[in-house]
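**Student:** Give me a 3D structure for the following:
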Amino acid sequence: MKKAAVFILVFFTLAMIPTNVQAQVATPAVDLQCEGQVSFDVYPGANTTSIMNCTLTNPNTYNETIELENSLSGDIHVDGFYATFPDGDVINLTAHEEKVITVKIVALNELAITPRVIKINATVIEANGSTPTNVARSVNSCMLLINAYDNYEVSPSFMFHQLDIVSADPVGHQITMSIVNNGNSAERLGIGSMADLIQELDSYNMVVSIPATNYIVNYSDTYLFNFSIGSNSEINASTWLEFDNGTRQITIDTNITIVNVESGRGGYYCYECNGSTNLIIQINLLPFEYQSDDDSDSVPGFDGHLSMVSIILAAFVIAQRNRY
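**Tutor:** Presented below is the predicted three-dimensional model:
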């Protein structure tokens, strides 16, 4: 009976050995959670570095060593970004330890707005002092958002414009300005200031014609903005400079401002929110007589136009002659 009891005890002891050995084999696991998005300023002279925070967790009851990697190539001119781990790319975590890690991301200066994503990989390379037999990895993605900034240059095709008016016929003169979008996104640009020019020309019975008040200009593109000045009625030149030959002249020194009509939206940086250019417009009104379309006041045999008083007087003189 005693031998049977010893045999049974030995049997159960041997049966339990494989179970205890298997319990010592580590099953690695890791959890990584990162911020969903990080934004960057990339306007000229800006600090283009941002920090992304991630939380790394060891859910096991033993120590783990975890290696960090990111999905960027390492060439900022290829990806537009460059990422590093300031605390190192190998992290040791004790059992159930949670640690916040930082990812330093640098954006290329003056980078255009396009959607970009970075992936952070956390892989267990050692668990409980041994190399894992299986791959334990946690991957997290983050959006890299580029903030828009405004920067454009306005310049006239010609700074000086001369308009010579030699008849009463309607006249017009086109002025063209080039607008270069040096920002990092397509922008809707429009006229910010032209009221002074419009009001002054209106006082002379002249007009400004603007085909489009705003327009979309893609980044790195050049848009040719034009407007016209002219008249379709008798010009009021009473305050103009008058020369001995009868020519009247006015010189207008004006400033045209172009602005981004959507610059007030959120997340938008005004690096240069408006572009101005100076124009000098000289208008010369040469001597001529305005002709009327109504010839009822014209007397055959006489050049020019007579007033009704002159016609009545002429008729009276003719009538007196017929009496004698």
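
**Student:** Strands of the stretch 1-150 of the chain, residue ranges please.
**Tutor:** For the stretch 1-150 of the chain, the strands defined by DSSP state E, counting those that start in this stretch cover 31-34, 37-40, 49-57, 64-70, 81-84, 90-93, 98-107, 116-127, 137-146, 148-149.

**Student:** Looking at those strands, which one is packed in the most?
**Tutor:** strand 148-149 (a mean of 23; mean count of other CB atoms under 10 Å). For glycine as for every other residue, the C-beta is placed from the backbone atoms N, C-alpha and C.

**Student:** what residues does that strand touch?
**Tutor:** By CB atoms under 8 Å, 6 or more residues apart in numbering, the surrounding residues in contact with strand 148-149 are 41-43, 46, 113, 183-185, 267-271.

**Student:** could you give the mean pLDDT of that strand?
**Tutor:** Averaged over strand 148-149, pLDDT sits at 88.

**Student:** Pull the number of nearby residues for P287.
**Tutor:** Neighbours of P287 under the rule other CB atoms under 10 Å: 10.

**Student:** mind checking how far the closest residue to it other than its chain neighbours is from A168?
**Tutor:** Among residues not flanking P287 along the chain, G246 sits closest, at 3.7 Å (CB to CB, 6 or more residues apart in numbering). Separation of G246 from A168 (CB to CB, to the nearest Å): 15 Å.

**Student:** what about those two, which has more around it?
**Tutor:** More crowded of G246 and A168, by other CB under 10 Å: A168, with 16 against 10.

**Student:** Tell me if I'm right that that one and E234 touch.
**Tutor:** Yes. Contact criterion CB atoms under 8 Å: A168 and E234 qualify, at 7.1 Å.

**Student:** just the helices in this protein please.
**Tutor:** 2-23, 76-79, 195-203, 308-322 (DSSP state H).

**Student:** Show me the strands in the stretch 201-324 of the chain, by range?
**Tutor:** Counting by DSSP E, counting those that start in this stretch, the strands of the stretch 201-324 of the chain are 207-209, 214-217, 222-231, 241-242, 248-260, 268-269, 274-285.

**Student:** Which one, of those, ends up nearest to H77?
**Tutor:** Of all the strands of the stretch 201-324 of the chain, strand 268-269 sits nearest to H77, with 23.1 Å by CB to CB.

**Student:** quick one: low-confidence parts of this protein?
**Tutor:** Low-confidence segments of the chain (pLDDT under 70): 1-26, 263-268, 274, 289-324.

**Student:** Let me see the domain layout of it.
**Tutor:** By the assignment in automatic domain parsing, the chain contains the domains 25-146, 152-285.

**Student:** End to end on the longest one, go ahead and measure it.
**Tutor:** Between the start and the finish of domain 152-285 there is a gap of 37 Å, counting by CA to CA, to the nearest Å.

**Student:** Stretch 206-222 too?
**Tutor:** Stretch 206-222 end-to-end distance (CA to CA) = 30 Å.

**Student:** which other residues reach it?
**Tutor:** Residues outside stretch 206-222 that contact it (CB under 8 Å, 6+ apart) are 112-113, 152, 172, 178-191, 194, 197-198, 201, 223, 225-232, 235, 261, 283.

**Student:** got it, and stretch 157-171?
**Tutor:** 173, 175-178, 229-232, 234-235, 277-286, 288, 290-291.

**Student:** Work out the gap between that stretch and the centre of the chain.
**Tutor:** Mean-position distance between stretch 157-171 and its chain equals 35 Å (CA atoms, centre = their mean, to the nearest Å).

**Student:** Of the contacts of stretch 157-171, keep whichever come out buried.
**Tutor:** Neighbour counting by 16 or more other CB atoms under 10 Å classes 175, 177, 229-231, 235, 277, 279, 281, 283-285 among the contacts of stretch 157-171 as buried.

**Student:** Columns distance to G36 on top of those residues, output as TSV?
**Tutor:** As requested, the buried ones among the contacts of stretch 157-171 are exported to TSV (distance: CB to CB, whole Å):
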residue	distance to G36
I175	49
M177	43
I229	53
G230	56
S231	60
I235	64
T277	43
L279	49
I281	54
I283	60
N284	65
L285	67
